[in-house]
Structure formats: C-alpha cells, structure tokens
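Chemist: okay, sequence plus prediction incoming.
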Amino acid sequence: MKTYKIAIQKSGRLNEKSVELLKQCGLQFENYKSSLISTVRNFPLEILFLRDDDIPEYVQDGIADLGIVGQNVLLETGAKVCTLQNLGFGKCDLNIAVKSDSQIQKPSDLTGLSIATSYPNLLAQYLNQNNINATIRNISGSVEIGPGLGLSDAIFDIVSTGSTLKNNGLKSIFTVMESEAILIANDTISNAPQVKELVERIRSVLRAISTKYVVLNVKKDNLNAIVNLLPGVKSPTVIPLYEEDWVAVHSVINEKDFWEKINLLKLAGAQGIVVMPVEKIITP
Ligand code: ATP
Ligand code: ZN
C-alpha cells in the first residue's frame, strides 16, 4: 500500500494545532522536535515537518501529497494544489497599517506611496485588482519597523494584536484578506481512498469541535418546545425519567449559538442542563 506524506509546519503558530488535529484523527506518531519526518504507526502516512513557506510548493511538486498551511502562504506562493478543507485554526487578518498620525484612511489613499511587506505577491494582486499604483517594498521580517525607519509609508502584514503595531507607532486601517489554516493536496491524489479516509476523519473531528452534547430534564408538557429548539444530528433522544411526567432529552448543539440556545432552553422549561464535549461526529 502506498504511504502518503503530509507536510505540516515544523515550529510556529500552526505546528501545535496541526499535530493535535492529526492526533485527534487517531493517528499515532512521535512528535520529536528534532526530526524532519515521522512515521504514523497505524495509518499509511508519513509526516514531514517543514517551514510553512515551503509547504505549498512541496505539495504542488508531489514531494508531499498533503499539507496544512495558512491561506495567506498558499496564495503568496501561487502554488497549484487543491484545497480540501478549511481547518478553523490559525485565523488571522492581513491588514494595511500606517503611522498613527497618518491621514491615509482608504485604499485609494495609498496611490503613489510605498508599502513594506513580506507578502509582495498578495499585495501586488490586491493593488492591481483595485487599480492602485503603489510601490511594494519586499522585506522578509519585522515589516512593522518600515514606516518608523522611513522605508515605507505603510505596511501590509498579519495583524494579530494591536500591540505590536502600537509599539511601532502604527495603526491598522483596513483588512485586505482573512486567513485560516487549510488542508491542501496534490492535484493527482485527492481521490485516493486513503486520502479520502483521512479527510473524512478530519471532518468528523472538525464537526465535533464546533458541537456540544447536551442532556437536560424537562416536564413532558414542555417537551415539544424543547424539541423544537434541539434538532440534534437526526432528532433528539427522549428517555423517560423515574419520576413520572418528566423526561431526559439528549441532543447536540452548535458552539456558535450555544449560549443563546441554552437561555432559550431554560425559558422553555429545561432543568439540570449538562453540557459535554464531543470527540467525533461521523456522518454517512
Ligand atoms: P516558519 O518558520 O514555518 O516559516 P513563520 O514565522 O513564517 O514560520 P508563523 O509566525 O509561525 O510563521 O505563522 C504561521 C502561520 O500562522 C501564518 O502564515 C498565518 O497563516 C498563521 N497565523 C495565525 N495567526 C497569526 C498571527 N497572529 N501572527 C502570525 N501568523 C498567524
Ligand atoms: Zn514562514
């Protein structure tokens, strides 16, 4: 059986979550900081630990079959791969920032100015699409010192917290793109059965992460109102309680509107609400 290769970041912001996701998929492997490659014991897969910038091209060229990387990095490299799944972590905004006292406010104000970035291709694409004529200064690290040094009028970079910007006398003016980690695959392998199996496992973990298991007690009179609030995976499970006229309802609810739902359930007569994490949700 062919052994596939998945490339993940060796160290940095995506490493830990990538390793965690693969482990949640039931893959058993050692995560030695010193090794470049790790063999999964219970699945035909090897894990390559690489710099994130190299991952899209490695996947495009077939050195790795799959990869986990930020959308920002994928778009910057322009590698031709297929995106199989958004992963919901590594979320960040790529923003334009300027000196705190600058009058620059909107994209068109950048005309004729210079912008420092380590994402020259992404920025060029954005400027082109918006017909903005500006100079791109490509620098590889510490982009935020650009304006202070007189190197550029603005910067284009990932903005995590405002504090790095503030410490450098900058403010963010608008977002050019939002990014998150994605699972990418070489064009030729995305239909292979083992790859499909892995993608299905990843999806079942992602579904579970955004879902909570709820158990609650309710008087039979109020059951309909509760059931209407709780669709569940198929429909809620209703179990009689020892005390007559009462039932326990088991269901799942979405993390997104979790507190709203809990409050509605309480109003509808739910008591003794217990909420538990879900590990995996397998769909047909
Ligand atoms: P490498 O050594 O692998 O090249 P790096 O220094 O380029 O790492 P990291 O800072 O570890 O990269 O970020 C990796 C990715 O994590 C980014 O490309 C982006 O997709 C994502 N990310 C999410 N949040 C942030 C953030 N607050 N700051 C920077 N990157 C973030
Ligand atoms: Zn990098």
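Modeler: Thanks, I have the structure now. Ligands and ions are numbered 1, 2, ... in the order given.

Chemist: contacts and neighbour counts: CA atoms only from here.
Modeler: Fine.

Chemist: what parts of the protein come near ligand 2?
Modeler: 52-53 (Cα under 5 Å from the ion).

Chemist: ranges for the helices of the chain?
Modeler: 15-24, 55-60, 71-77, 120-129, 146-149, 162-167, 193-209, 223-229, 258-267 (DSSP state H).

Chemist: the first one and ligand 1, are they touching?
Modeler: No. No part of helix 15-24 sits close enough to ligand 1 to count as contact by Cα under 6 Å from any ligand atom; the gap is at least 7.6 Å.

Chemist: now do that helix against helix 193-209, angle only.
Modeler: 110 degrees (axes from the mean of the first three to the mean of the last three Cα atoms, to 10 degrees).

Chemist: give me the buried positions along helix 15-24.
Modeler: Using 16 or more other Cα atoms under 10 Å as the test for burial, helix 15-24 gives 15, 17-19, 21-22, 24.

Chemist: okay, and the helix or strand of this protein with the least pLDDT?
Modeler: helix 162-167 (a mean of 85; mean pLDDT, DSSP states H and E).

Chemist: as PDB, could you dump the C-alpha coordinates of it?
Modeler: Coordinates of each C-alpha in helix 162-167 appear next as PDB, following Å, rounded to 0.1, in the frame of the first residue of the first chain:
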ATOM      1  CA  GLY A 162      -2.900  45.800  18.000                       C
ATOM      2  CA  SER A 163       0.000  46.000  20.500                       C
ATOM      3  CA  THR A 164       2.900  45.200  18.000                       C
ATOM      4  CA  LEU A 165       1.500  48.000  15.800                       C
ATOM      5  CA  LYS A 166       1.100  50.400  18.700                       C
ATOM      6  CA  ASN A 167       4.600  49.800  19.900                       C
END
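
Chemist: hmm, back to that, and among the helices of the chain, the most buried is which?
Modeler: helix 55-60 (a mean of 24; mean count of other Cα atoms under 10 Å).

Chemist: which other helices and strands does that helix contact?
Modeler: strand 4-9, strand 66-70, helix 71-77, strand 181-185 (3 or more Cα pairs under 8 Å, 6 or more residues apart in numbering; DSSP states H and E).
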